[in-house]
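Peer 1: Output the structure for:
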Amino acid sequence: MARTGVPTPPVRPTPSVSARVSARVSARVPLIALSAALALTAAGCSDDSGGGSGGSGGKKDGPVVVATTTWEGAFAKAAGAKDVTVLVPASTQHAPDYDPKPSDLAAVSEADFVLYAPFEPYAGKIKDAAGSKADLVQVDLDNDAAKVRREVARLGELFGTEGAAASWRRTFDREYARLSADLKASWPGGKSPAVVSQVFTTWSARMAGARTVGTYGPEAVTASQLADLSAKKPALVLDNAHMSTGKVLPDSGAEQVGIVNYPGEDMDLLPVYRGAAEQLKKAMKSA
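Peer 2: Alright, predicted model coming up:
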């Protein structure tokens, strides 16, 4: 699956959340009586088995965000959004092939923002089919530390949650520095290891302070690439766990590490870094 990061083009100015939410509330005044009646009915017969993650349970606390996957959802959560619904289940291996359900369209119809990545072609279709007035926001899905800081700050500005976004970035900076220092202290023989990375796992090599001597993907490795990459004698191969096709350099003697890019259902980015650091540290001990 192309679970990747794609550079984000400049984002058009977006009206403030408060102005847009106020406009929506005014437009929905005639529906208040009907909504109240439906709420009373739902109180007696609703269940909690609906699709998607997050959600505010009806409370308006900042922007309503719909994210196509847990990766975009994690960026939104880091930026300070509290009402975040994810469409594609965390267990889905190939998000671009996901088939939107009617419940997805219903969620989008209530959103202020819909977050998506360029390689997810259904995002625009979801918005159009639902008749949503939400802003489609393209997210640069890349766990590179600098890009994460930039995207979280940008989303915080869009959402009107700059303070929460700044607080998260401070926490992220502390944790990232700790993990990076621990990895560098684990270098085999005290030297930065040579690594070959899948193009969307290079962020983990940077976190470890490793020397990236070659990259591959997202297409399958050709025989020519295989020979070239093996000749570089890497100690580690950092594979994309979401797109793995097996052993990348089978005869090179390199230790292969599966790097996970996507957060879990909790939409928390920090465990992604901790998990990668744990795998890298273990691999460096074996290298």
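
Peer 1: In a strand, Thr85, correct?
Peer 2: Yes. Using DSSP: H, G, I helix; E, B strand; the rest coil, the assignment for Thr85 is a strand.

Peer 1: can you map out the strands along this protein?
Peer 2: 64-67, 83-86, 113-116, 135-138, 194-198, 211-216, 236-240, 255-259 (DSSP state E).

Peer 1: Let me have these in CSV, extended by mean neighbour count.
Peer 2: All C-beta spots, glycine's among them, are computed from the backbone N, C-alpha and C. CSV is the format used below for the strands of the chain (neighbours: other Cβ atoms under 10 Å):
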stretch, mean neighbour count
strand 64-67, 29
strand 83-86, 25
strand 113-116, 26
strand 135-138, 19
strand 194-198, 25
strand 211-216, 17
strand 236-240, 26
strand 255-259, 20
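
Peer 1: Phe75: which of the ones you listed is closest?
Peer 2: strand 113-116 (7.0 Å; Cβ to Cβ).

Peer 1: The closest one pairs with which strands?
Peer 2: Here strand 113-116 is paired, per DSSP bridges, with strand 64-67 (parallel), strand 135-138 (parallel).

Peer 1: and the ones you listed as CSV, adding distance to Glu157 and mean pLDDT?
Peer 2: Output for those, formatted as CSV (distance: least, Cβ to Cβ, whole Å; pLDDT from 0 to 100):
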stretch, distance to Glu157, mean pLDDT
strand 64-67, 14, 94
strand 135-138, 11, 90
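
Peer 1: ok, back up a step: right, and the strands of the chain - which one's nearest Gly275?
Peer 2: Across the strands of the chain, closest to Gly275 is strand 255-259 (Cβ to Cβ), at 8.6 Å.

Peer 1: Show residues contacting the closest one.
Peer 2: 198, 201, 204, 235-241, 244, 247-249, 276, 279-280, 283, 286-287 (Cβ atoms under 8 Å, 6 or more residues apart in numbering).

Peer 1: Name the residues of stretch 186-205 that are buried.
Peer 2: If you call a residue buried by 16 or more other Cβ atoms under 10 Å, then stretch 186-205 has these buried ones: 186-187, 193-198, 200-205.

Peer 1: would JSON lines of the strands of the chain with distance to Gly160 be doable?
Peer 2: Shown next, in JSON lines, are the strands of the chain (distance: least, Cβ to Cβ, whole Å):
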{"stretch": "strand 64-67", "distance to Gly160": "12"}
{"stretch": "strand 83-86", "distance to Gly160": "13"}
{"stretch": "strand 113-116", "distance to Gly160": "11"}
{"stretch": "strand 135-138", "distance to Gly160": "13"}
{"stretch": "strand 194-198", "distance to Gly160": "36"}
{"stretch": "strand 211-216", "distance to Gly160": "38"}
{"stretch": "strand 236-240", "distance to Gly160": "34"}
{"stretch": "strand 255-259", "distance to Gly160": "34"}
